[in-house]
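[1] Let me see the structure of the following:
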Amino acid sequence: MLLSRFPRISLAHLPTPLEFLPRISKYLGGPNIYVKRDDCTGLGIGGNKTRKLEFLIADALEKKATVVITPGAVQSNHVRQTAAAACKVGMKCELVFSKIFENSSDPYLNSGNVFLDKIFGANIREIDKDSDVNIVMEKVVEELREQGEIPYIIPSGGSNPIGALGYVDCALEIIQQANESRLVIDHIIHATGSAGTQAGLISGLKAMNSGIPLLGMGVFAHKSYIEKRVYKLACETVEYMGVPGIVGSNDVVANCDYVGDGYGIPTKEMNDAVIMLARLEGILLDPVYTGKGFAGMIDLIAGNYFDKSGNIVFIHTGGSPGLFAYQDQLNTKTKDF
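    This is a model prediction of the structure:
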């Protein structure tokens, strides 16, 4: 499968490491857990969106755009990486923050990703959760055009067929690393939200006929909503790639049992997972995506969802700056592991 025919620029440090986690694998009693370190993509502290932005920013540049516009939650990892990418290529950046849930703490509103957005010089606009973000974005586009700018909209999470190519490429990368190390992968797990990461991964895995099951751990909404959204985008992605029809609805599997009270709202299980991985492996998860995804994986391991003698890969999609935003909501005085 040739991705080089699609416009792309280099933003990420690739390939990201595929690391074995011996201490937590032993602590949980198997299976062998590996982590794909997409928190180490480099740009603006890194994260999964950088892979998507390699294709999205390239498309924006081809269209002669002078400014990128993208929406997200207040502590969005996506908007932080978009702001960094805009700096990298000399474009302006407009961020539209939606207050998805009420959190008025100072760390949440001013530290973490928000602080980094300001360092990158992005212009931040805030709307309430009841506003239609698409209408707001169109108004921003009109305003910028009147100022002589050429705007380019990047959807939430960078999740469209162009952005999903970043995770088609990640699937190729994982398979190559597995082949080089003679690793048989029995399952791939990751946190899923705006659909682009999961849609890209399943498109790439199916295009290579890998036979590896993919499980998305949902961080908002319910299972049927997530699966339909991912399947729709995966179908659009493989058609864009020129290999339509290779993804079936049964290939898209999500588990949304670990969302808790909602998107961005901490859970005890997430808190425990963050502390566990930090203290056993020195790796930082985030409180919104990977923390809940890893917590769900831990519970599935305890319930024998995976073969205890098998090999599973957790894709770390980044987000550690968010820990600073949740510092007053996380309990670090838990048991040692």
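[2] quick one, helices of the stretch 151-300 of the chain?
    Along the stretch 151-300 of the chain, counting by DSSP state H, counting those that start in this stretch, helices occupy 161-181, 196-207, 223-241, 268-281, 290-302.
[3] Most tightly packed of these?
    helix 196-207 (a mean of 28; mean count of other Cβ atoms under 10 Å). Just so you know, the C-beta spots here come from the backbone N, C-alpha and C atoms, and that holds for glycine as well.
[4] Report all helices and strands that that one contacts.
    Judged by 3 or more Cβ pairs under 8 Å, 6 or more residues apart in numbering; DSSP states H and E, helix 196-207 is in contact with helix 161-181, strand 187-192, strand 214-218, helix 223-241.
[5] let's see it at 10 Å
    Under the contact criterion of 3 or more Cβ pairs under 10 Å, 6 or more residues apart in numbering; DSSP states H and E, helix 196-207 touches helix 49-62, helix 161-181, strand 187-192, strand 214-218, helix 223-241, strand 253-255, strand 311-316.
[6] what is the orientation angle of the last one with helix 196-207?
    It stands for strand 311-316. 140 degrees (axes from the mean of the first three to the mean of the last three Cα atoms, to 10 degrees).
[7] on that earlier part again, make CSV out of the helices of the stretch 151-300 of the chain and add distance to N77 and mean pLDDT.
    CSV is the format used below for the helices of the stretch 151-300 of the chain (distance: least, Cβ to Cβ, whole Å; pLDDT from 0 to 100):
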stretch, distance to N77, mean pLDDT
helix 161-181, 14, 98
helix 196-207, 11, 98
helix 223-241, 18, 97
helix 268-281, 15, 97
helix 290-302, 10, 98
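[8] and these as TSV, adding distance to Y27?
    Shown next, in TSV, are the helices of the stretch 151-300 of the chain (distance: least, Cβ to Cβ, whole Å):
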stretch	distance to Y27
helix 161-181	23
helix 196-207	27
helix 223-241	29
helix 268-281	6
helix 290-302	10
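[9] hang on, the earlier thing: what about the helices and strands packed on helix 196-207, which gets the closest to M137?
    M137 sits nearest to helix 49-62 of all the helices and strands packed on helix 196-207, at 14.7 Å, using Cβ to Cβ.
[10] Show me the one of the helices and strands packed on helix 196-207 that comes nearest I24.
    Comparing the helices and strands packed on helix 196-207 against I24 with Cβ to Cβ, the closest turns out to be strand 311-316 (9.9 Å).
[11] I'd like to check the angle between that closest one and helix 290-302, please.
    Using the same axes, to 10 degrees: strand 311-316 against helix 290-302 is 160 degrees.
[12] Export the following helix or strand past strand 311-316 to CSV, keeping only CA atoms.
    Proceeding N to C from strand 311-316, the next assigned helix or strand is helix 322-325, under DSSP states H and E. Output in CSV follows, covering the C-alpha atoms of helix 322-325 (Å, rounded to 0.1, in the frame of the first residue of the first chain):
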residue,chain,number,x,y,z
GLY,A,322,-3.6,17.4,30.6
LEU,A,323,-2.3,16.0,33.9
PHE,A,324,-1.5,19.5,35.0
ALA,A,325,-5.0,20.7,34.3
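[13] Noted, bye for now.
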